[in-house]
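S.K.: Structural data only, the sequence is not supplied:
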Ligand SMILES: Nc1ncnc2c1ncn2[C@@H]1O[C@H](COP(=O)(O)OP(=O)(O)OP(=O)(O)O)[C@@H](O)[C@H]1O
Ligand SMILES: [Mg+2]
């Protein structure tokens, strides 16, 4: 089988399984997967920058929150439809990512990490500062018509799952196309050896800026969808914790693979879920498993798959 | 007509005059060798040409146009290609993808890219290595890959920084043949320590010493030049 056919089979099978899950999963796991799908879209966005371009951001909550609040505030205070709210969230994320990219990409390495961290912190404080609108830490709930998208009521669990799956599938296909494209291959070249990419005639700054905007845009879309699907917008999602999560998910699942962010998000969710069933020290168990994984599968789950079985895994 | 010119091109490294007021002319179609003792400033000089490092002062003129202010990628897009002295390949990517990255800027279709990649690898003798990761190649083969990446860009000016370093004798012979074959279509600036390569491929030779042009002429003239001999013996 060619790489293209294999890739189609693998990612197609994942989507088919998830679709089957809509009908066969017990209610609890059904709910978990809907959440995991949306969060893994967030991780997929993160992966564009970190996994494919080699830019380690510690501030992606800024984009997630920009999407969530862009959507939430437009729906709550602007009275727009949820569909327009999603667009507003995406637009906010793209604009914030573009501005951050212009500034932060003047730095590299550790400085880049710190600059992104500081910007995300500024974003978090901004949410708190505008408490009268954002309701600060407490956040606000979206209700009734605010969650009816194209006539489908997202407060219904079945509808929510399908909506999450549609978003997940669209982003999965989009990312697959991106990493196979000319642009995507240049991002990988920049990750591997930026100086060489530049000396082959590629405008590496423009490519990195493009990566930040796409990455931030996908993260914002996930944030907007998350707010809409689960009906809640709160400052926690802008906190540093939510900047660290996608890094963990992507590391676990396999940086620079298309399927990795989903695997990592799913794995982490169930790891915490299961271990918290046994002991109150569940974070300890989670920590030990994470350390073991980084020792024995430093490339993450899908990274191991690529290393051992299929070198051409996209 | 000159494809490339420099005027008073200068680069200092905190007091060290690596390149000092160099006026240089390279006519279109010529194969020019750039030689000089270690540390003479050869790599620094060509890095200034392609914009890899900025000059302290002076101008670079390419095809009649002052490109001193252009960033490196814009200069490359005007038709320069640069191969690194210290091999700088994409170690974790397949050999073919390394070359494809070089070819993709000018080849619009994937079929065109594939053809350009196969052609460039064939010409340097790496035709059967396309699937291997570049980092797994021997040092000499990585140098050949560098050359293939240069070829795949189909440049007007090809700058090669010590391309034969670490190559076996047979590979050096193949390299000489390759340069002669390219000479009809490409202007070549070749930094080289191997005198047999210089003598057999270069139309003219420029000698750099302490950041300045010490002599310029045909290979035979340069070989007979007492100042050049002195520079190489370290008694200049
Ligand atoms: N980035 C740098 N910072 C400081 N000094 C430098 C730098 N690059 C080069 N130099 C110095 O500039 C001088 C010229 O170096 P360059 O690499 O251009 O010489 P070269 O002629 O290419 O030598 P070789 O034949 O060994 O490759 C040397 O003295 C070198 O130490
Ligand atoms: Mg050198």
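M.R.: All right, it came through fine. The structure presented is a predicted model; accordingly, all values stated were derived computationally and were not measured. Ligands and ions are numbered 1, 2, ... in the order given.
S.K.: Show the average pLDDT along stretch A:55-70.
M.R.: Stretch A:55-70 comes out with an average pLDDT of 97.
S.K.: Show the low-confidence segments of chain B, by residue range.
M.R.: Where chain B drops to pLDDT under 70, the residues are B:233-236.
S.K.: Would you map the strands across it?
M.R.: For chain B, the strands defined by DSSP state E occupy B:2-13, B:16-27, B:31-35, B:57-62, B:65-66, B:80-83, B:157-161, B:187-191, B:204-209, B:212-217.
S.K.: Neighbouring strands - and their directions - for the fifth one?
M.R.: By that I understand strand B:65-66. strand B:57-62 (antiparallel) (DSSP bridges).
S.K.: Same check on the second one?
M.R.: Using DSSP bridges, strand B:16-27 pairs in its sheet with strand B:2-13 (antiparallel).
S.K.: tilt between the strand it pairs with and strand B:157-161?
M.R.: If you take axes from the mean of the first three to the mean of the last three C-alpha atoms, to 10 degrees, strand B:2-13 sits at 40 degrees to strand B:157-161.
S.K.: If I follow the layout properly, residue B:37 ends up in contact with residue B:232?
M.R.: Yes - counting by C-beta atoms under 8 Å, residue B:37 does reach residue B:232; the two are 6.2 Å apart. C-betas here are computed from N, CA, C, even on glycine.
S.K.: Can stretch B:74-83 be said to contact chain A?
M.R.: Yes - between stretch B:74-83 and chain A, judged by C-beta under 8 Å from any C-beta of the partner chain, the touching residues are B:76-77, B:82.
S.K.: hmm, back to that, which one's more surrounded, residue B:37 and residue B:232?
M.R.: residue B:37 (18 against 15; other C-beta atoms under 10 Å in any protein chain shown).
S.K.: so how far is chain A from that one?
M.R.: 26 Å (C-beta to the nearest C-beta, to the nearest Å).
S.K.: now that residue: how far from residue B:87?
M.R.: 22 Å (C-beta to C-beta, to the nearest Å).
S.K.: How about residue B:113?
M.R.: For residue B:113 relative to residue B:87 (C-beta to C-beta), the value is 22 Å.
S.K.: returning to that earlier point: got the residues of stretch B:74-83 next to chain A as TSV, with neighbour count and distance to ligand 1 columns?
M.R.: Formatted as TSV, the residues of stretch B:74-83 next to chain A follow (neighbours: other C-beta atoms under 10 Å in any protein chain shown; distance: C-beta to the nearest ligand atom, whole Å):
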residue	neighbour count	distance to ligand 1
B:76	24	20
B:77	16	24
B:82	29	13
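S.K.: Quick check: residue A:161 touching residue A:24?
M.R.: No - in this structure, residue A:161 is not within contact of residue A:24 by C-beta under 8 Å, at 11.6 Å.
S.K.: Now for the residue in chain B that ligand 2 sits nearest to, how many residues are close by?
M.R.: Closest residue of chain B to ligand 2, C-beta to the ion: residue B:43 (3.1 Å). Residues near residue B:43, counting by other C-beta under 10 Å, number 20.
S.K.: Between the residues of stretch B:74-83 next to chain A, which sits nearest chain A?
M.R.: residue B:76 (3.5 Å; C-beta to the nearest C-beta).
S.K.: For the closest one, give me its contacts.
M.R.: Applying C-beta atoms under 8 Å, 6 or more residues apart in numbering or on different chains, we find residue B:76 in contact with A:199-201, B:50, B:82, B:153.
S.K.: Quick one: name the residues of the stretch 151-300 of chain A near chain B.
M.R.: Taking C-beta under 8 Å from any C-beta as the contact definition, the stretch 151-300 of chain A meets chain B at A:182, A:185-186, A:188-189, A:192-193, A:195-204.
S.K.: run the last query once more with 10 Å
M.R.: For the stretch 151-300 of chain A, the residues in contact with chain B (C-beta under 10 Å from any C-beta of the partner chain) are A:182, A:185-186, A:188-189, A:191-193, A:195-207.
S.K.: and ligand 1, which of those reach it?
M.R.: For ligand 1, no contacts are drawn from those by C-beta under 6 Å from any ligand atom.
S.K.: List buried residues within these.
M.R.: For those, a neighbour count by 16 or more other C-beta atoms under 10 Å in any protein chain shown gives the buried set as A:185-186, A:188-189, A:191-193, A:196-205, A:207.
S.K.: Quick check, the residue in the stretch 201-314 of chain A closest to chain B?
M.R.: residue A:201 (3.5 Å).
S.K.: Please name the spatially closest residue to the closest residue to ligand 2 within the stretch 51-200 of chain A (chain neighbours excluded).
M.R.: Across the stretch 51-200 of chain A, no residue is closer to ligand 2 than residue A:199, which sits at 15.2 Å (C-beta to the ion). Spatially, and ignoring its direct neighbours in sequence, residue A:199 is nearest to residue B:82 (5.4 Å; C-beta to C-beta, 6 or more residues apart in numbering or on different chains).
S.K.: how close does the one you found sit to residue B:158?
M.R.: 8 Å.
S.K.: Touching both of the two, which residues are there?
M.R.: Shared contacts of residue B:82 and residue B:158 (C-beta atoms under 10 Å, 6 or more residues apart in numbering or on different chains): B:150, B:189.
S.K.: Most tightly packed of the strands of chain B?
M.R.: strand B:80-83 (a mean of 26; mean count of other C-beta atoms under 10 Å in any protein chain shown).
S.K.: Partner strands of that one, with direction?
M.R.: In its sheet, and by DSSP bridges, strand B:80-83 pairs with strand B:157-161 (parallel).
S.K.: can you give me the angle the strand it pairs with makes with strand B:31-35?
M.R.: Using the same axes, to 10 degrees: strand B:157-161 against strand B:31-35 is 30 degrees.
S.K.: In the stretch 151-300 of chain A, which residue sits closest to ligand 1?
M.R.: residue A:195 (12.7 Å; C-beta to the nearest ligand atom).
S.K.: Name the nearest residue to that residue, sequence neighbours excluded.
M.R.: That would be residue B:88: by C-beta to C-beta, 6+ apart, it lies 6.5 Å from residue A:195.
S.K.: Is it correct that the one you found is in contact with residue B:135?
M.R.: No - taking contacts as C-beta atoms under 10 Å, residue B:88 lies outside contact range of residue B:135: 11.6 Å.
S.K.: which residues are in contact with both of the two?
M.R.: Joint contacts of residue B:88 and residue B:135 (C-beta under 10 Å, 6+ apart) are residue B:142.
S.K.: What residues does residue A:83 make contact with?
M.R.: A:75, A:148-150, A:228.
S.K.: Regarding it, what is its secondary structure?
M.R.: helix (DSSP: H, G, I helix; E, B strand; the rest coil).
S.K.: Show the contacting residues for residue A:252.
M.R.: A:43, A:260-261, A:263-268, A:271, A:289-290, A:293-294, A:297, A:300-303.
S.K.: in which helix or strand would I find it?
M.R.: helix A:241-253 (DSSP states H and E).
S.K.: That helix - what's its average pLDDT?
M.R.: Average pLDDT, helix A:241-253: 94.
S.K.: Mind giving me the packing neighbours of the helix or strand following that helix?
M.R.: Counting by DSSP H and E, the next helix or strand C-terminal to helix A:241-253 is helix A:260-278. Judged by 3 or more C-beta pairs under 10 Å, 6 or more residues apart in numbering or on different chains; DSSP states H and E, helix A:260-278 is in contact with helix A:3-24, helix A:27-47, helix A:157-180, helix A:241-253, helix A:282-296, helix A:300-308.
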